[in-house]
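Asks: Predicted model and sequence follow; I will ask about them next.
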Amino acid sequence: MRFPRLRALIFYSFLFATSAPVLSLVVLTVSAAWRYPSLLPTVFSWRYLVSVLAQDRRTAEALINSTLIAALTTALTLLLAVPAAKALGLYQFRGRQAVKLLVLLPLMVPGITVTMGMHLTLIHLGLAGSIAGVVVVHTVFTLPYATRVLINVFELVGEKYEKQAAMLGASPRMILTGVTLPMIMPGLLSAAIMSFIVSFSQYITTFFIGGGRILTVPLLLVPHLQSGEIQVAAVYSLLFIMSTLASIALMEGIVRKFYKGAYFLQT
Amino acid sequence: MQEKSPLSRSCGKNTSCAGRLYAAWRPYILVAPLVIFMGLTFVLALGSAVLQSLGFVPGAAANVLTLRFYREVLLESDFLTSLSYTIYIALVATLLSNLLGVMVAFVMLSMGQRPKWQRLLYQVPIVIPHLVVIVLVFHFFSQTGVASRLAYWLGCITHPNQFPLLVFDRLGIGIVLVYLYKQVPFATMIVAGTLENISARFKEAAYNLGAGRLQLCTQILLPLLGPTILSVFLITFAFTFGAFEVPFLIGTPAWNMLPVKAFFYYMRPDLTYRASSMVINVLITVISLGFAIAYSHILALIQRQTEGGER
């Protein structure tokens, strides 16, 4: 192996560049003053953390809205994506490629176009400015990720175990809860996590369809970014990352608890 | 594969006709909710965008189908500026992130199996939303940011004003930095996955047949990696081309990337501007879709080539 030092240097600086900035976010949230040439904050205090997390009532509202919207979006996404992914992954049928393309298209079409295009429809349906409307729009953007993961899982798992269970006399419901769900659970989990993160990170879609009435964490963050209050923006960023991580941990915990003995395929 | 045309088969002794019929319709029943949902949201949205771009804007003064707005937008002097600026940013961000991503993936593979915490650590940026990355780029690269302070301590500058403008700048360095932070790990992750797979299959064989390390890289790994790199390139390009938030929040006020331009048109109180906004939206959608089509064609071509080679 040539240049082992150089390669180690490249790899570890890459690791450093990806992770260190996130840590600096933590420092930023506890700095009350950071005069120019100083490399570290000149005054440390909890002021920004306290004022944003404890004193601003909009923070709690935004956090609840964000979590609720992301949870509903995830549920709707899985409800639509699981059956479709099963058909797309296991069966050959006319129009299969067209459906596959349709569900992946939102990854290729600019998000702002879809959002603006849906704006009028949602106003007509009376969904603009409501949680339901925001969930619908977020779902358009989470579906491609979820469906893609789940198609792969169904292709990997195949149908033979379900057929075997049916042959042995299992009812459709037993097959679903005893065979299908445990086998696709790892894929289901990553599809859910991805949907949750994508929904949680949405800014312009929520801004547009929520019409300023639905407050989420990104909507609270952006004005502070625009006015240069970087410490406040950092507190919201940290809140954002922490609540995403907590939700992922919760989802993983629930799955592990209920599918302890499940046969986990490597996906 | 066997169920290609289930309806054409006659009903057998063991399965009832109803069962056969259900088997034939089952895929359609399973995809129906998703297709209906996408039809009512996504497809309808694109249709609405096209209609509005043709002048059919509900609530606006005149509702005649016309190509007037296409002509007006295309002839506007700063449309070309916006288009070239958009292509420039998307190209620079995508090329750099792919180059770095492939490089890191090769380096990582050559260093052997990395421990799990390292593989998790480098993927952190993938789950961090763009908004937070913008906060980070502000923190590090604004004129009073960390980089500027380091430059001060190293004696390169004596005043923050001397630090080059890296956010809100005309070259779009701030925008590119945000995308690099997000996309380099993404490219690394995808490429490393394929690379590990290919390397496991061909490395020993290639060495046994007397290939050198360079030959392994250029003759086997890179060609087989082609489709993966290309797909990452096109996915990141299409995304960067049509993304709104990053240029909106950290871009220069002098030139707007096309999605930002569409947004400003849409937000004007005069509703006829919505037509102009939708013209831009339709154009960026067509360009993005062009990339998607090119991508699938090239991918199919390469797949056919490699399959032919394996036979």
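Replies: Right, received. Where do you want to start? As the structure is a prediction and not an experimental result, all values here were calculated from the model. Residues are numbered from 1 along each chain as shown, chains lettered A, B, ... in the order given.
Asks: Right, and chain A sits closest to which residue of the stretch 151-300 of chain B?
Replies: B:Gly242 (2.6 Å; C-beta to the nearest C-beta). (C-beta placed from N, C-alpha, C; glycine too.)
Asks: from what I can see that residue touches B:Ala262, true?
Replies: No - with contact defined as C-beta atoms under 8 Å, B:Gly242 does not count as touching B:Ala262 (9.9 Å).
Asks: More neighbours: those two, which one.
Replies: B:Ala262 (30 against 26; other C-beta atoms under 10 Å in any protein chain shown).
Asks: which residues does that one contact?
Replies: A:112-113, A:116, B:277-278, B:280-281, B:284 (C-beta atoms under 8 Å, 6 or more residues apart in numbering or on different chains).
Asks: Which pLDDT value goes with the residue of the stretch 151-300 of chain B closest to chain A?
Replies: According to the prediction, B:Gly242 has pLDDT 90.
Asks: What's the separation between the nearest residue to it once chain neighbours are set aside and B:Gly47?
Replies: Distance criterion C-beta to C-beta, 6 or more residues apart in numbering or on different chains; nearest residue to B:Gly242, sequence neighbours excluded, is A:Pro110 at 2.6 Å. Here A:Pro110 is placed at a distance of 16 Å from B:Gly47 (C-beta to C-beta, to the nearest Å).
Asks: OK, contacts around the residue nearest to B:Gly242?
Replies: A:Pro110 neighbours (C-beta under 8 Å, 6+ apart): B:241-244, B:259, B:281, B:284-285, B:288.
Asks: Which of these sits closest to B:Pro185?
Replies: B:Ala243 (17.2 Å; C-beta to C-beta).
Asks: Sticking with the residue nearest the centre of chain A, tell me its helix or strand.
Replies: By C-alpha atoms, centre = their mean, chain A has its centre lying nearest to A:Ile197, at 1.5 Å. Counting by DSSP states H and E, the element that carries A:Ile197 is helix A:181-201.
Asks: and B:Ile280, what does it touch?
Replies: Going by C-beta under 8 Å, 6+ apart, the list of residues near B:Ile280 reads B:73, B:258-259, B:261-262, B:265.
Asks: Excluding sequence neighbours, find me the nearest residue to it.
Replies: Per C-beta to C-beta, 6+ apart, closest to B:Ile280 is B:Ala262, 4.1 Å.
Asks: Quick check: buried residues in the helix or strand where that neighbour lies?
Replies: Element membership for B:Ala262, per DSSP H and E: helix B:258-267. Residues B:258-263, B:265-266 are the ones in helix B:258-267 that count as buried (16 or more other C-beta atoms under 10 Å in any protein chain shown).
Asks: Any chance of the contacts of B:Ala262 in a markdown table with pLDDT and secondary structure as columns?
Replies: Shown next, in a markdown table, are the contacts of B:Ala262 (pLDDT from 0 to 100; DSSP: H, G, I helix; E, B strand; the rest coil):
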| residue | pLDDT | secondary structure |
| --- | --- | --- |
| A:Ile112 | 93 | helix |
| A:Thr113 | 94 | helix |
| A:Met116 | 94 | helix |
| B:Ser277 | 94 | helix |
| B:Met278 | 95 | helix |
| B:Ile280 | 95 | helix |
| B:Asn281 | 95 | helix |
| B:Ile284 | 93 | helix |
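Asks: Scan those residues and report the most crowded one.
Replies: Busiest of the contacts of B:Ala262 [other C-beta under 10 Å] is B:Asn281, holding 33 neighbours.
Asks: Run a quick check on it versus B:Ala49, I expect a contact.
Replies: Yes - with contact defined as C-beta under 8 Å, B:Asn281 reaches B:Ala49; the gap is 5.1 Å.
Asks: what is in contact with those two at once?
Replies: In terms of C-beta under 8 Å, 6+ apart, B:Asn281 and B:Ala49 are both contacted by the residues A:113, A:116-117.
Asks: Looking at these, which is nearest chain B?
Replies: Among those, and counting by C-beta to the nearest C-beta, the member closest to chain B is A:Gly117, at 3.1 Å.
Asks: Any regions of chain A where pLDDT drops low?
Replies: In the predicted model, chain A carries pLDDT under 70 at residues A:1, A:260-267.
Asks: what about the strands in it?
Replies: A:31-33, A:43-44 (DSSP state E).
Asks: distance between the last one and the chain's centre?
Replies: This means strand A:43-44. 34 Å (C-alpha atoms, centre = their mean, to the nearest Å).
Asks: By mean pLDDT, point me to the weakest helix or strand of chain B.
Replies: Among the helices and strands of chain B, helix B:213-215 carries the lowest confidence by mean pLDDT, DSSP states H and E, at a mean of 77.
Asks: picking up where we left off before, and the residue nearest to the centre of chain A, what does it touch?
Replies: Taking C-beta under 8 Å, 6+ apart as the test, what A:Ile197 contacts is A:244, A:248, B:127, B:129.
Asks: and with 7 Å instead?
Replies: Contact analysis of A:Ile197 by C-beta atoms under 7 Å, 6 or more residues apart in numbering or on different chains lists A:244, B:127.
Asks: Report how many residues lie close to A:Ile254.
Replies: The number of residues near A:Ile254, taken as other C-beta under 10 Å, comes to 11.
Asks: now do the one 4 residues further on
Replies: Counted with other C-beta under 10 Å, residues neighbouring A:Phe258 total 11.
Asks: how close does it get to chain B?
Replies: 24 Å (C-beta to the nearest C-beta, to the nearest Å).
Asks: what's the nearest residue to B:Ala93 if we skip its chain neighbours?
Replies: B:Ala93's closest residue in space is B:Tyr179 (C-beta to C-beta, 6+ apart), at 3.9 Å.
Asks: quick one on the thing from earlier: which one of the strands of chain A lies closest to B:Ala205?
Replies: strand A:31-33 (56.3 Å).
Asks: Surely B:Val184 touches B:Gly101?
Replies: Yes - taking C-beta atoms under 7 Å as the definition, B:Val184 is a contact partner of B:Gly101 at 5.0 Å.
Asks: and B:Ala300, what helix or strand is that in?
Replies: According to DSSP H and E, B:Ala300 maps onto helix B:273-310.
Asks: Go through that helix and flag the buried ones.
Replies: In helix B:273-310, residues buried by neighbour count (16+ other C-beta under 10 Å) are B:273-285, B:287-288, B:291-292, B:295, B:299, B:302.
Asks: list the contacts for B:Pro188?
Replies: You called it Pro, but residue B:188 is Thr. With the criterion set at C-beta under 7 Å, 6+ apart, B:Thr188 makes contact with B:101, B:104-105, B:122.
Asks: Tell me the pLDDT of it.
Replies: Looking at B:Thr188, its pLDDT is 94.
Asks: Just to be sure, it is in a helix?
Replies: Yes - judged by DSSP: H, G, I helix; E, B strand; the rest coil, B:Thr188 forms part of a helix.
Asks: roughly how far apart are it and B:Ala243?
Replies: 20 Å.
Asks: which residues of the stretch 1-150 of chain B fall in helices?
Replies: Counting by DSSP state H, counting those that start in this stretch, the stretch 1-150 of chain B has these helices, from start to end: B:17-38, B:44-53, B:68-75, B:77-110, B:116-122, B:124-127, B:130-141, B:146-153.
Asks: can you check the stretch 101-250 of chain A too?
Replies: A:111-124, A:131-157, A:160-167, A:172-175, A:181-201, A:204-210, A:217-226, A:230-258.
Asks: quick one: the shortest one to chain centroid distance?
Replies: When you say that, I think you mean helix A:172-175. 30 Å.
Asks: Look up the closest residue to A:Val222, ignoring the ones flanking it.
Replies: The nearest residue in space to A:Val222 (C-beta to C-beta, 6+ apart) is A:Tyr203, at 6.3 Å.
Asks: show me what contacts the one you found?
Replies: Neighbour list for A:Tyr203: A:218-219, A:222, B:131, B:245 [criterion: C-beta under 7 Å, 6+ apart].
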